[in-house]
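Enquirer: Sharing a model that was predicted from the sequence below.
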Amino acid sequence: MKVAVLISGRGSNLRSLLEVAAQPGYPAEIVTVIANRPGAGGLDHAAAFGVSHQTIDHKDFPDRTAFETALTAALKAAGAEMICLAGFMRVLSSGFVRQWQDRIINIHPSLLPLFPGLDTHARALAAGVKLHGCSVHFVNEAVDGGAIIGQAAVPVLGGDDPDKLAARVLKAEHRLYPYCLRLLAEGRIRLIAGRVAIEADPD
Ligand code: GRF
C-alpha cells in the first residue's frame, strides 16, 4: 500500500513509520512526506530515509480549498492510496475528507473518546485519570471523532507533569502507529457501521 505522511513539526511518529517501512516485508511503502510548515523537523527524517518530501505551506494559499487542491495534486502525483496524519496541525475540510473517505488515519495523544483536541496531557492530569494513552483512528468530519483502529495505554504516575506524561505516551505512539498501519495495509481492517473490526492474527 502506497502511503503519504502529512506532518507539521518534529516528526517522531513519521520516523517510527519510516523505520518500519524500511524493513523487508512491511506491507506499506511511504511514497511521500508533505509538511504544511517550512522547516518542519520531520522533513529531515524523510531525507535521511531517502523518501520524497516537500513543503506545501498553507500560508501560500488564499484559502483552505486552494491549499487542499495543491495537497491533492501532490498526493496524486506521488500515487498515494492512503494518508497518515502524524502531528499534522491543519483541520482538513469535509470536502477533502470525503474525497479520501476511509483512507485517512491519524494518531491522537489520548484514549479517545476522552480528550479530543489539544492539550490532552494537561487535561488528563487535571481530570485525575490513572490511565492515559494514544489512539489511531480514521479521520472523518468530526475532529478526532472517526472510528478507532487501535489504542495503547500508559499509567499516569505520581509526580507526572504534562511533559513527563507526553514523553511516556509518545513512546507508546511509536509502537502503535506502525502496528495499526500494518493491520490496514494487510487488509485486516473492516469498517462495519462506523466501527472498526480487526481480523484476528492468522494461527
Ligand atoms: C503526537 O503526540 C501526535 O499524537 C499528535 O502530535 C504529536 C506529533 O508528534 N497528533 P511528532 O511530530 O510525531 O513527534
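Expert: Yep, that arrived. In this text, all values refer to a predicted model and were calculated from it rather than measured experimentally.

Enquirer: And the residue of the protein that's closest to the ligand?
Expert: Closest approach between the chain and the ligand, counting by C-beta to the nearest ligand atom: Gly87, at 2.7 Å. The way it works is simple: take the backbone N, C-alpha and C, and place the C-beta from them, glycine included.

Enquirer: tell me which element that residue is part of?
Expert: Gly87 belongs to no helix or strand when assigned by DSSP states H and E.

Enquirer: Over to the residue lying closest to Asp160 once chain neighbours are set aside. Which of the three states is it?
Expert: Leaving out its chain neighbours, the residue that sits closest to Asp160 by C-beta to C-beta, 6 or more residues apart in numbering is Leu125, at 6.3 Å. Of the three states, Leu125 takes helix under DSSP: H, G, I helix; E, B strand; the rest coil.

Enquirer: Go ahead and confirm the residue of the chain closest to the ligand touches Arg10.
Expert: Yes - counting by C-beta atoms under 8 Å, Arg10 is a contact partner of Gly87 at 6.9 Å.

Enquirer: ok, which stretches of the chain are strands?
Expert: 2-7, 29-35, 53-55, 82-85, 104-108, 131-138, 148-155, 189-192, 195-198 (DSSP state E).

Enquirer: Give me the neighbour count for Gly117.
Expert: 10 (other C-beta atoms under 10 Å).
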